[in-house]
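Peer 1: Pasting the sequence and the predicted coordinates here, then a few questions.
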Amino acid sequence: MGKYILIEVANEQYGVPVEQVKSIEYLRPVTRVPGAASFVKGVMNLRGVVVAVIDLNERLGLKGRQKSEENRILVIQHGNIEAGLMVDSANTVIELDESRFQESETTASFIQGIVRLEERTIAILNLEAVLERKKQDG
């Protein structure tokens, strides 16, 4: 069993391992970085640490973000990389049985597994793939 923070992106629910989440922040201004990939919205100063901010909607190839008071930045730590993921909302912590995760041939590289709970489906994010520096847009 593992604990996951449920986030919402483009009306879909995703899970992020609790141990990789450092904090959940309200949206704040970011400073654009010239030449960065389009999904990198810029950097922010978080208690003296400069953190890159990634728009998860755009990174996953989903439609644009609806701005609301629910929007958050999920500050994550994966290996030695710390980044902020802009999400539509960060809902709750849930305990999931990792042996129930299913893989799918259609599962994108950003998804580590899928789990069905009653009437909902939760996709577990592959943070390594989300943070990978593939080709830069431009």
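Peer 2: Arrived safely.

Peer 1: distance of residue 82 from residue 132?
Peer 2: Residue 82 is 15 Å from residue 132, where distance means C-beta to C-beta, to the nearest Å. In this view, the C-beta of every residue, glycine as well, is placed from N, C-alpha and C.

Peer 1: Give me the more crowded residue out of these two.
Peer 2: residue 82 (16 against 11; other C-beta atoms under 10 Å).

Peer 1: How about the contacts made by the residue lying farthest from the centre of the chain?
Peer 2: Computed with C-alpha atoms, centre = their mean, the residue of the chain farthest from its C-alpha average is residue 118, at 23.1 Å. By C-beta atoms under 8 Å, 6 or more residues apart in numbering, the contact list for residue 118 is empty.

Peer 1: Only alpha carbons, please: show stretch 91-107 as PDB.
Peer 2: In PDB, the C-alpha atoms belonging to stretch 91-107 read as follows (Å, rounded to 0.1, in the frame of the first residue of the first chain):
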ATOM      1  CA  ASN A  91      -7.600  17.200  -3.600                       C
ATOM      2  CA  THR A  92      -6.800  14.600  -1.000                       C
ATOM      3  CA  VAL A  93      -4.400  11.900   0.100                       C
ATOM      4  CA  ILE A  94      -5.500   8.300  -0.700                       C
ATOM      5  CA  GLU A  95      -4.000   4.900   0.100                       C
ATOM      6  CA  LEU A  96      -3.700   2.700  -2.900                       C
ATOM      7  CA  ASP A  97      -2.700  -1.000  -3.300                       C
ATOM      8  CA  GLU A  98       0.100  -0.900  -5.800                       C
ATOM      9  CA  SER A  99      -0.500  -4.500  -6.700                       C
ATOM     10  CA  ARG A 100      -3.800  -3.300  -8.300                       C
ATOM     11  CA  PHE A 101      -2.000  -1.000 -10.700                       C
ATOM     12  CA  GLN A 102      -2.700  -2.000 -14.300                       C
ATOM     13  CA  GLU A 103      -0.600  -1.300 -17.300                       C
ATOM     14  CA  SER A 104      -2.100  -0.600 -20.700                       C
ATOM     15  CA  GLU A 105      -0.600  -0.700 -24.200                       C
ATOM     16  CA  THR A 106      -2.200   2.700 -24.800                       C
ATOM     17  CA  THR A 107      -0.700   4.100 -21.600                       C
END
